[in-house]
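Q: I need the structure of the sequence given here:
(one chain, ligands or ions: 1)
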Amino acid sequence: MTKQIVLKSRPFGIPTADNFETRIVEIPAVAEGEVRLTTKIVSVDPYLRGRMSDAKSYIEPFKMGEPIVSGLVARVTESKADNLNVGDYVMDRLPWQEEMVLTASGLQKVDEKLVPLSYYLGILGMPGLTAYFGLLDIGKPQKGETVVVSGAAGAVGLVVGQIAKIKGCRVIGIAGDDAKNDYLMKELNFDAVINYKTVENMNAAITSACPSGVDVYFDNVGGEISDAVVVQINKGARIIICGQISLYNATRLPVGPRIQPILLKRSALMQGFIVSDYADRFPEGFKALVNWVVSGQLKYTQTIYHGFDQLPEAFIALFEGKNLGKLIVEV
Ligand code: NAP
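A: I've put the predicted structure just below:
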């Protein structure tokens, strides 16, 4: 028997603990070609909110009464498969379940000696690859340009800002907490920061932080923060639509300003993307990120919740801004 966490009801607005339910389920014996896994680290990510609603999206909604699925690192505790041994670690999108029996083929083995295991869910995993491809492929930052990133102190934002610094850009981070912004300035050498929760006039703050205008805007949050950045873009600017977390819990979508005239007059590009668009180039992104991490050019920070039962609370914490860097749960 093992524990799993399922979706009990679809959230309306900000998710609450009542939307989740813990169940005890039976797991089968390990058959030929299968492994038993024990969950070690679970990633909680903003995009899971989209899967909790039944609106049409780029990925199927979670079914009611079925376990939430997210990036997860697990240890092989029993094996009847040739490709995995007891003690190996794997990383995949797997159910929120303490133990499980799965077919071994297709499970991705990870090297626990290269970096700490949690990195495979953060800087070397989906968030790191999102930052890498979104910024470099769409944003194409050039030396000396001004790059603004919102959600700057989160899993994706921290990597975006640091890669932009590696590329020789002036980097401005927008986050909702002074301690996070201190970290961005002191530890990651951002050039300026804005606390969107306490700033009196967002437009004035961006003008002051970006005296030469904005060449690249990496948008993790959308809403009024992005409205204020977009009016400051330069000719030929690139706007990367990575996430819109400020709208994920909206029960009615707010109407924003008309931005097409700005894009038109400044010959600017605005492009959305999903990291899986780059799946065939993941090895390239992984290699570059590993090199920067191992050489110390990319710093990594994470916020850790402890215990399987903390998963719903950790997920909800993303919408309360409780994390600096990648939010994970160690089981
Ligand atoms: P994260 O930034 O580590 O965590 C979420 C952060 O968002 C919170 O810490 C909070 O920081 C901020 N936030 C929460 N509610 C907000 C609001 N109403 N307005 C402004 N900021 C708010 O999460 P992440 O995994 O790195 O993801 C960042 C964004 O990228 C998300 O929108 C996510 O959906 C998106 N994403 C997209 C892809 C893709 O393939 N396109 C892949 C991964 C992630 P503050 O303290 O600053 O408020």
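
Q: this structure: helices as residue ranges?
A: In the chain, the helices defined using DSSP state H lie at 47-52, 126-133, 155-166, 178-186, 202-209, 223-230, 260-265, 282-294, 311-317.

Q: using a markdown table, lay out the ones you listed together with mean pLDDT, distance to residue 275 and mean neighbour count.
A: Quick note: C-beta positions are derived from backbone N, CA and C, even for glycine. Shown next, in a markdown table, are the helices of the chain (pLDDT from 0 to 100; distance: least, CB to CB, whole Å; neighbours: other CB atoms under 10 Å):
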| stretch | mean pLDDT | distance to residue 275 | mean neighbour count |
| --- | --- | --- | --- |
| helix 47-52 | 96 | 10 | 18 |
| helix 126-133 | 98 | 4 | 26 |
| helix 155-166 | 98 | 9 | 27 |
| helix 178-186 | 98 | 23 | 17 |
| helix 202-209 | 97 | 27 | 16 |
| helix 223-230 | 97 | 19 | 20 |
| helix 260-265 | 98 | 24 | 12 |
| helix 282-294 | 96 | 9 | 15 |
| helix 311-317 | 98 | 19 | 20 |
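
Q: any chance of the ones you listed in TSV, plus distance to the ligand?
A: As requested, the helices of the chain are exported to TSV (distance: least, CB to the nearest ligand atom, whole Å):
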stretch	distance to the ligand
helix 47-52	5
helix 126-133	4
helix 155-166	3
helix 178-186	6
helix 202-209	12
helix 223-230	6
helix 260-265	20
helix 282-294	12
helix 311-317	8
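
Q: would you mind giving the ones you listed as a markdown table with distance to residue 323 added?
A: Output for the helices of the chain, formatted as a markdown table (distance: least, CB to CB, whole Å):
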| stretch | distance to residue 323 |
| --- | --- |
| helix 47-52 | 14 |
| helix 126-133 | 11 |
| helix 155-166 | 8 |
| helix 178-186 | 9 |
| helix 202-209 | 22 |
| helix 223-230 | 18 |
| helix 260-265 | 32 |
| helix 282-294 | 19 |
| helix 311-317 | 6 |
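
Q: out of those helices, nearest to residue 17?
A: With CB to CB, the closest approach to residue 17 among the helices of the chain belongs to helix 311-317: 5.2 Å.

Q: now what about the closest one, what contacts it?
A: With contact meaning CB atoms under 8 Å, 6 or more residues apart in numbering, helix 311-317 is reached by 5, 14-17, 19-20, 42, 44, 48, 68, 96, 305, 323, 327-329.

Q: if we go to 7 Å?
A: Here helix 311-317 makes contact (CB atoms under 7 Å, 6 or more residues apart in numbering) with 5, 15, 17, 20, 42, 44, 48, 96, 305, 323, 327, 329.
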